[in-house]
Every structure is written in structure tokens, then in C-alpha cells.
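Just need the structure, nothing else, for what follows:
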Amino acid sequence: MALSLPEIKAEDRSRVGGKGFALAVMARGGLRVPPALCIPPEAYLEFITATGIRETILLELGRKSFEDMRWEEIWDTSLRIRNAFLQAPFPESLRRKLIPPIENLFSEKAVAVRSSAPGEDSAKTSFAGLHESYIHIRGIESTLDHIRLVWASLWSDRALLYRKELGLDVGKSTMAVVVQEMVSGERSGVAFGKNPLDPSQSVIEAVYGLNQAMVDGTVEPDRWILKRDTGEVISHYAAKREKKLAYTPAGVRLEPLPPEWGGKPPLETSEIGEVLGLTRKAETLFGSPQDVEWTYRENLLFTLQSRPITAESSDPGDTRRWYLSLHRSFENLKDLRRKIEDELLPQMEEEAGEMARMDLARLTDVDLAGEIERRLEIGEKWDEKYKEFCIPFGHGMRLFGQVYNDKLKPENPFEFMEILGGAHMISLRRNRMLESLVRRVRRNRRLAESLRYGRREGMDSGFLKALESFLVEFGDQSWSKARFDQDPRALFTLLLNMALREPPRRGSVKRAQKSLERKFFSRFEEDRKGFAAELLDLGRASYRLRDDDNIYLGRIQAQIVAAAEEGKRRLRRNGRFFPSQVEGPEVAAALRDPRFIFKKASTPGMKPGEEKAGIRGRQLVGQPASQGIAMGKARVIFRAEDLFGFQPGEILVCDAIEPNMTFVVPLAAGIVERRGGMLIHGAIIAREYGIPCVTGIPDATSLISSGTPVTVDGFLGIVIIG
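Next comes the predicted model:
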């Protein structure tokens, strides 16, 4: 069942995968390769068959067309599959096959456990970084546990997303595993025999300590660019050299680099030549330029793995780097948090404030056109920054969830979300301010009458002061062209509707959260509790900012809308006619040119509220996002104005709940969204209020009509119509 490197023959290539086969070739070719075992795909197939995980995988992949899934939904699917691997007992028959060869080769030595999926790391495609690898694993039980985690990583969101791009068949994927003796190198790195950006060059990157810190972006490497034919150094980029990843008796730790090492490159000149020579030997063995991972221990050069250099390294259209960017290391995520909280969000607030203070009415038509275009450029800039920084920071809660599930192995793979909730999110603060206003309305019939008829008479000074505070902070955040601070009548209607509902109760939620928190910390040794606390804090920040950054972005977008609406008012005043959904660029063009002709609006394939034939009484299957069962009449939201007709106890059906729609959530009995995922805004808010929610229902707003009775099952992810 397990093959040592000398036992691997040419015909075993498909069984042991690219990584395992490459190690065998290099060992036979005379390179210094640490001893290793390759566990072929038959072991993986036996595991998923004996444990019933095969059926779980088929069920998860059958929930929804893979091509229609967003990355959040794919992550949910991956997490449920991974949790099945964690919970399943290791089959006894498989233990008997794997334990003897592992113990015979490694005894009590620490090992690395890595993926070697058949088809990975070929000349056309590279799965580097998409499957899991684990280092410094000790003991047979821990080794078996990490073998199962590597198998589970076949279904990681990163791997699934990349497979989606390549069009590979996820139903036929298998996984081999390499178990390799761990080499605790003092200096490590990677070397590219051919620079993907310039075929006349080679590249060497090196760090102090273990390679893992360089691979996950925690430690920046020194980089040498060399002439491929002569080995002459063209350039050397010196890193900061502040930290290294080292093995200690307590495990792998990130440590400060000794000061005397900070000014010294990890490699001597002779060692640069030796590493370059290693790439040449590998290229000779494999017949193509190689990307080689290496390490020095006691001045001996070890080769850890080798893969072909693929075209994707230089392909600007390749999306694998984007998928990998979603998965940051713990240290990298802490740096990302500081950038978002200390730099990006204040800048967004400053730019939104600067635009809000501008008196658009004083601008000429031509100047207003320029201002609309300037704001559109600002919006594009922040959309890019949001994608580059804010979305990857969402991995903070995913990283916490992975550690939580590894430690506690809960039956519900999303239990960790309960411990992250209750963070001080802006949208929840807004709703608490609304609830404070609503409490006054419930107690004061005269105040309710004044709100109903839109009269300020009868509104006491305390209410007016609280109302003014709300409008100052959130008046531009109504997800509507008619902002609360410009026309508060919609806000008055909302307050009256909220007064008809019981206030949300969070006491039991907070108690459950504290209980889970204690359970989480109890699974860590005393000297690791500090790390656990940091990880929890990071997860909560990621959870909170997943929501807050949308609010900040919404403030930028609100000012773009404000300028466009001012332009539309002027066009209407001048007798110009235009489609209702006209966008900012056309408004700007029309302000500049009285002869500008607007494009005709496209006609939607289905009118709002039109129901597809034959769907009454049917079940729609999506993703369970917030537990519970709710029944009520559907209220389908197509546009901003639909929000203000929402009645207490209705089922909110929409494309996706944006942060600026959150104020209606406490009125809803249940929520149905077309967009899927446990980490999308609507799912997060639904869990905060304990409202059943199902996401990922394709065509939800066309399959369900307003007024139709709907049952939302947030346990199973099912919506029943009729």
C-alpha cells in the first residue's frame, strides 16, 4: 500500500503523483533527497468508501451546478467535506496497511506530509499551494490524522476553484500522499532553472529557517537573478530579514532573526552556484526546466521537491494567484488587518466625507459632468482595493474556522461562526440605534401618530435628538436614491413597522458564545493559549470587517449616486428624457452635450414578480446559512423602493442583502438569497438575529413571487413554495 522511493518505477507515475515520482527520480539520479514513502490513491479510495465520505462528496457536489457556484459557496462545500474527513474514524483495515511501513521507515522522526495528486505539477498545470502540506509531524496517530487532512485538501476551496478554471472533473479526482523525513534546515528556498519572465535567466529565492514561511508569504525572501548559461549574478534583492520559521520542542514557531544575521544574505556566493547547479541537474533528469525546493542543514544541500516550470507563472490571465491570495498566513493576515483598519478605512471615510461636503448645486453642468466622472474613477479605485485587500482578509475567519474544527471536530462544521458573532459591526450598531428609536415609538402612541402622518409635532425632544444622531451617522445609507436625511418619510414607515415586531433577544446567544469560547480555549496547551486568543481576535476582526468594509464602500458609492442624481434632476428640468436605469457616464455625457442620445434600456427577460410556470409546491435547494424554520408570505426585493413596503413577518427574497439593506432584516421571518455562502453579508446578519436563512437559490427572485406562501428551512437549506 505504501511505496518507498527506491520501489517506485516508471509505471508507478500515475499512482504516486507528480511530487512522489519526482522525488524517486531525483533520489535515483544522485541528489540528496530525504527518505520518503508514497501512499497511492488506492488508500484514499479505500478511506472514502469505508467511511461513507464518497456519498457525502457526491451529495455536496450535487447540491448545485459547480459552474454556477460563487467562491463563497465553494468554500462552504469544501468545509462540509473537510469536516466529514475529520469526523470519520480511520478504518482499521487501512491502519494495518499503513502503520508498519511508516513506523519502519521513520520510527519516531518528525515527518512532512504532503499532497501528490495524480495530474498535479505537470508541465501544463501546477497545483502548487492549492493542496495542504504539513511539517514537523511526530507520532503515528498524528501522521495518520495529517494524511486524512491532506486527502481532505483535495476538496479545498482553492483546489476546487482552480479545477473549475481548468474544467477538470471533480467527481474523478484522487489523491496520493508523500510522507517524507523532515529536514530542519537552517536556510531554505526555491530556485527556478528558467525565469518564467525571461528564459535567459534563472532565479533563486532564499530565507533563514524553514521554507514554509516563504511559501505562505510570512517571511520575505532574498532574491537573486542570474544568467542562465553562465550563472553570473545580474541582480540581488535583499529582504528585510527580521524573522525566521524554526522548529522548537513545542513545534514550529516564527522567531525573531538574530541581529547579526539581519545584514547577511542567507546564501554565500559558492552556495548560490551550488543551488543553481541543483536546478541544472534536475533539468537534466526531467528534460525540462524545474522549480526546485531546497534546504541547507549543516552545510549539506537537500532537495525537497521539484516540479516543472509552468506557463501559468507568467500568464496575466491566470486566476490561481487570486485564489491563493484568499489564503493568507496568520502573520500576513495580521499585517493585512492593520492596513485595512489603520489606512484603507480612514482613507475611504475621508474621501466620502470630502465628496459629501461638496455643494453640487453650485457646479456648472460641465463641472458636474467632470465631478461625476471623477467620482466614478474614485469608485473604481476603491473597488480594486476592496478586491485586493478586503476580500482576502475574509480568510481570517476561515483560518479560525479551520483551526476550530481541527481542535473540536464539531458535528456542525459552521459552529465556529457562533463564536465570531456579536462583533461590533457598523450595520448592527445602526440597527441598535433604530431599535432605540423604536422603543420610544412603542411606548408613545402620540409619537406613533406623528410618524404615521409625517408630522414633527408630537415628537418629543429626546426622540428628535436621537433621530438627528441617527441621520447624521446613517442618513446617506438607505440603499436608495431617496436618502433618509433628505426624505425621512421612508424612515418613519420603517420605525412603525419595526414597532410591530418583538425586539430581538440576544441573551441566550451570548451565553452560548461564551460556552463555545471556553471549549475552544480548553483544547490548547497553556503556552499556546496566547496564540488561540490572537487567532480568535483575528477571526472576529475578519468577521466584523467583512461587513464594515462594505458600509465604507457604500458611502463612496452613495456619493457617486448623489452626483448622478443631481445630473438627472438638471436633465429633467431641461426637458431631457432618458431611461430610468441610466448610468453615471451617460449622465455626464448628456450634461456636456445637449445632442447626446441615450442608449435604449434593455428589456428584462422576466418582469418583477412574474412567476415561472410550474414551480408552485416545489422545493428549491440551496445552502443552509442560518438555522431555524420560518413560514410567511414572500416579499421579493428588486429595487430600493421595494424595501419600504416590507411588512413584519414576511420572507425576504432578494438577489443579495447588501449592508445598506440591513435595517429591514429584523422585520423578516426568514431570508432567501440567490447569492450563496455562509460568509456573505445576509448570512452573517441572519445569524446575528437568529433568523432562518437559505442562500444560493438560483433565480430566487424569479421563481418566487411576492405574496406567495414560503417555508424556509435553515437546517437543510430548502425553500418550499406554496
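
and stretch 622-633, which residues are buried?
622-628, 630, 632 (16 or more other C-beta atoms under 10 Å). Any C-beta I mention is one placed from the backbone N, CA and C, and that applies to glycine too.

my bad, stretch 456-472
Across stretch 456-472, burial judged by 16+ other C-beta under 10 Å covers 459, 463, 466-467, 470-471.

Ok, stretch 364-371 next?
Those would be 365, 368-369, 371, for stretch 364-371 by 16+ other C-beta under 10 Å.

picking that back up, which one of the buried residues of stretch 622-633 is nearest residue 227?
Comparing the buried residues of stretch 622-633 against residue 227 with C-beta to C-beta places residue 623 closest, at 53.2 Å.

how near is that closest one to residue 174?
Distance of residue 623 to residue 174, computed by C-beta to C-beta, to the nearest Å: 26 Å.

Ramachandran coordinates for the residue nearest to residue 73 when sequence neighbours are not counted?
Once flanking residues are discounted, residue 73 sits nearest to residue 676: 3.7 Å by C-beta to C-beta, 6 or more residues apart in numbering. The phi/psi pair for residue 676 (degrees, to the nearest 10) reads phi -110, psi 160.

Cross-check the contact I'm expecting between residue 676 and residue 70.
Yes - contact criterion C-beta atoms under 8 Å: residue 676 and residue 70 qualify, at 5.8 Å.

Could you work out the most separated pair of the buried residues of stretch 622-633?
623 and 632 (20.2 Å).

For the stretch 201-350 of the chain, which residues score under the pLDDT cut-off?
Residues of the stretch 201-350 of the chain that meet the criterion pLDDT under 70 lie in 249-250, 310-328.

all strands of it, in order?
Secondary structure of the stretch 201-350 of the chain (DSSP state E, counting those that start in this stretch): strands at 201-208, 222-227, 233-237, 243-248, 251-256, 290-297, 300-308.

Deepest in the core, which of those is it.
strand 201-208 (a mean of 24; mean count of other C-beta atoms under 10 Å).

Parallel or antiparallel, which strands does that one pair with?
strand 187-192 (antiparallel), strand 222-227 (antiparallel) (DSSP bridges).

so which of the buried residues of stretch 456-472 comes closest to residue 209?
Using C-beta to C-beta, those come closest to residue 209 at residue 470, 52.6 Å.

Could you list which residues are in contact with that closest one?
430, 433-434, 437, 484 (C-beta atoms under 8 Å, 6 or more residues apart in numbering).

Can I get the particular helix or strand that has it in it in PDB, CA atoms only?
Residue 470 belongs to helix 461-474 when assigned by DSSP states H and E. What follows is helix 461-474, C-alpha atoms only, in PDB (Å, rounded to 0.1, in the frame of the first residue of the first chain):
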ATOM      1  CA  SER A 461     -37.100  66.500  22.200                       C
ATOM      2  CA  GLY A 462     -35.500  63.200  23.300                       C
ATOM      3  CA  PHE A 463     -36.800  61.400  20.200                       C
ATOM      4  CA  LEU A 464     -35.800  64.300  17.900                       C
ATOM      5  CA  LYS A 465     -32.300  64.300  19.300                       C
ATOM      6  CA  ALA A 466     -31.900  60.600  18.900                       C
ATOM      7  CA  LEU A 467     -33.400  60.800  15.300                       C
ATOM      8  CA  GLU A 468     -30.900  63.600  14.500                       C
ATOM      9  CA  SER A 469     -28.000  61.400  15.800                       C
ATOM     10  CA  PHE A 470     -29.100  58.600  13.600                       C
ATOM     11  CA  LEU A 471     -29.400  60.800  10.500                       C
ATOM     12  CA  VAL A 472     -26.000  62.300  11.000                       C
ATOM     13  CA  GLU A 473     -24.300  58.900  11.100                       C
ATOM     14  CA  PHE A 474     -26.500  56.900   8.700                       C
END
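
Tell me the helix or strand right after that helix.
Counting by DSSP H and E, what follows helix 461-474 is helix 489-499.

mean confidence for the helix or strand following that following helix?
Next helix or strand after helix 489-499 toward the C-terminus (DSSP H and E): helix 507-522. Mean pLDDT, computed over helix 507-522, is 81.
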